[in-house]
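J.: pasting the sequence and the predicted coordinates here, then a few questions.
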Amino acid sequence: MEIAREVLEAMDQEIFAVWFLIGAAFVFWMQAGFAMCEAGFTRAKNAGNIIMKNLMDFCIGTVMWFICGASLMLGPNVLHGFMGGFSFDVFTHYSDFDYSAFVFNLVFCATTATIVSGSMAERTKFSSYCVYSAIISAIIYPIEAHWTWGGGFLVQWGFHDYAGSNCIHMVGGICAFIGAWMLGPRIGKFDRDKDGKVTKVNAFPGHNLVIASLGVFILWLGWYGFNGAAATDVPTLGSVFLTTTVAPAVATVVCMIFTWLKYGKPDVSMCLNASLAGLVAITAPCDVADCAGAAIIGTVSGLLVVFGVWFNDNVTHVDDPVGAVAVHMLNGIWGTIAVGLFATETAPGFASAGIREGLFYGGGFVQLGKQLGGMFVTGAWTVVMIYIAFTIIRMTIGLRVSEEEEIMGLDSTEHGLPSAYSGFAIMDIASTMTMSVNENTNLGTDSYEEASVAAQNAAVPVIRADGAGVPGIVDTGISKVVIIAKLSRYDKLRKAMNDLGVTGMTVTQVMGCGVQKGSGERYRGVEIDMTLLPKVKLEVVVSAIPVDGVIEAAKKALYTGHIGDGKIFVYPVSRVVKIRTGEENDKALQDVE
């Protein structure tokens, strides 16, 4: 029996050793989630730059990790537990090196650097990003992580952070906040008066929330490895999975309800952030909290993330495109504190944690005090070090791209990439059919025949440029008609032109808005006061077909009873040449009318 027990224990150890590495692979896969999230929450002109940054922070982090990061975190205590002893054991003692610990802690290190990318997106020099990513991976993260996970002074004191609310998310969030603050907002994010006071916050909607949501699901999946990989028994692993599921789910539901009540509709992007916020907050206490504690932690996270986004926009005026400060810094702080509030001996991982129960479970303020102290020390270290790093970078190579580069987009200016979506045109035709109509544009009837002439002209105004008296303009009897219309009316407009006998036309998809100014919705709590809507521009050149007939047919096809149904421009054409035959004017148009 004793031999059988030893065999089972050995097998158990081997199984969890394999799970440890599988968990590391899960955490690595989270890099894809961060990349998708950040790309989706920002504008398409910077998508390639964002993918490149998320790729390189892991690759640069790996180089920094084997050079110095791993030994600073995992080496034996020096300076009274301030950091690990510097060594090259990965090169000099490879045969008996702890490969698993090296890889596992590496993927966590890369996560810390990735967090910063989102808050500083769309206006940071790529070279500067590479430098500060290397500094975080080589110095800032390894030393503070040693305090908690490498046998340093915080773990000796009784501070607890099971998987990184403090060591990873709060640290990454603080770096993100200071970086975004020093960098300044994106062009156009805030309107200011002559004294520099912010008068209005402008929404910059993410270009692809589908990709962003995919990123959230990837991150959520990866978080089971993030939180669970260090578990060494099945009950603890199961409990960690439970709390890692409950907290983000509750946070998302609470955020959905809150934004629904506050803004009139549930905010998609904010709910995606709330899922991540709940995951961040449960990361530190996931092994010592029970289901009730996880639910309360998630509830606070769902509200805290909305407050954080609002606070950055309206109080600090720090432009954070992806909400990383609200998700990681604020909820990293909350998760660290939550250990001192919700730790309970009923959780399977409590016995091995070596801490006191939380305040709400009868443990008093002892553990809460240790959590606050450890969090303060870690935060102070991070603030000082990252501020020095960003200041040196700003004074040497510079942090921010030029105004022209930012406007053009970092894909083209930093990487020579015309577009991350080359060959694709992304346009939602259905949205133009369901978008709410501005009632201030209503003309009283949706029937063209019943509408007055004034209403017909207001819905689809016609602007004529007859060229009379303009030198060089010859009256050839040929006119060019340009029609701007809602994309949803294109089929009806095309049929009307065909019925009239117009078979040659040029059609272009464009974006624009007129009096209606889009739909007046909100994005992340900020009102979108102008939305560029998908439209179609149809151009025809006519001679034998009367221009007035084309205009009347177009107006009738486009009319819905609202100002902004369309607009028609008529220009004189002094000369038409058919390239294939050399025919000119009327003869050149015979087979296209």
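T.: Structure received. Numbering: from 1, shown residues only.
J.: C-alpha only now, for contacts and for neighbours.
T.: Will do.
J.: what does stretch 123-131 rub up against?
T.: 49, 53, 56-57, 60, 117, 183, 186, 393, 397-401, 406, 410, 414 (CA atoms under 8 Å, 6 or more residues apart in numbering).
J.: only whichever of these are buried, select them in PyMOL.
T.: A single PyMOL command is used to select the members of the contacts of stretch 123-131 judged buried by 16 or more other CA atoms under 10 Å:
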select buried, resi 49+53+56+57+60+117+183+186+393+398+399+400+401+406+410+414
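J.: flag the shaky bits of the stretch 351-500 of the chain, pLDDT-wise.
T.: 423-445, 466-475 (pLDDT under 70).
J.: which secondary structure elements does the helix or strand hosting Val240 contact?
T.: Applying DSSP states H and E as the criterion places Val240 in helix 234-263. When contacts are defined as 3 or more CA pairs under 8 Å, 6 or more residues apart in numbering; DSSP states H and E, helix 234-263 packs onto helix 209-228, helix 268-283, helix 291-311.
J.: next one: that helix to chain centre, how far?
T.: Taking CA atoms, centre = their mean, to the nearest Å, one finds helix 234-263 lying 20 Å from the centre of the chain it belongs to.
J.: hmm, back to that, which of the helices and strands packed on helix 234-263 is buried the deepest?
T.: helix 268-283 (a mean of 29; mean count of other CA atoms under 10 Å).
J.: alpha carbons of that helix, as CSV, please.
T.: Listed next in CSV are the C-alpha coordinates belonging to helix 268-283 (Å, rounded to 0.1, in the frame of the first residue of the first chain):
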residue,chain,number,x,y,z
VAL,A,268,-21.0,46.6,-25.9
SER,A,269,-17.4,47.8,-25.5
MET,A,270,-17.9,48.6,-21.8
CYS,A,271,-19.2,45.1,-21.2
LEU,A,272,-16.2,43.6,-22.9
ASN,A,273,-14.0,45.7,-20.6
ALA,A,274,-16.1,44.5,-17.6
SER,A,275,-15.4,40.9,-18.4
LEU,A,276,-11.7,41.6,-18.3
ALA,A,277,-12.1,43.7,-15.2
GLY,A,278,-13.7,40.8,-13.3
LEU,A,279,-10.9,38.5,-14.4
VAL,A,280,-8.2,41.0,-13.3
ALA,A,281,-9.9,41.5,-9.9
ILE,A,282,-10.2,37.8,-9.1
THR,A,283,-6.6,37.0,-10.1
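J.: mean confidence (pLDDT) on it, please.
T.: Helix 268-283 shows a mean pLDDT of 95.
J.: buried set for stretch 153-164?
T.: So, applying 16+ other CA under 10 Å, buried residues of stretch 153-164: Phe153, Leu154, Val155, Gly158, Phe159, His160, Asp161, Tyr162, Ala163, Gly164.
J.: now secondary structure too, for the residues you listed, in a markdown table please.
T.: Formatted as a markdown table, those follow (DSSP: H, G, I helix; E, B strand; the rest coil):
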| residue | secondary structure |
| --- | --- |
| Phe153 | helix |
| Leu154 | helix |
| Val155 | helix |
| Gly158 | coil |
| Phe159 | coil |
| His160 | coil |
| Asp161 | coil |
| Tyr162 | coil |
| Ala163 | coil |
| Gly164 | coil |
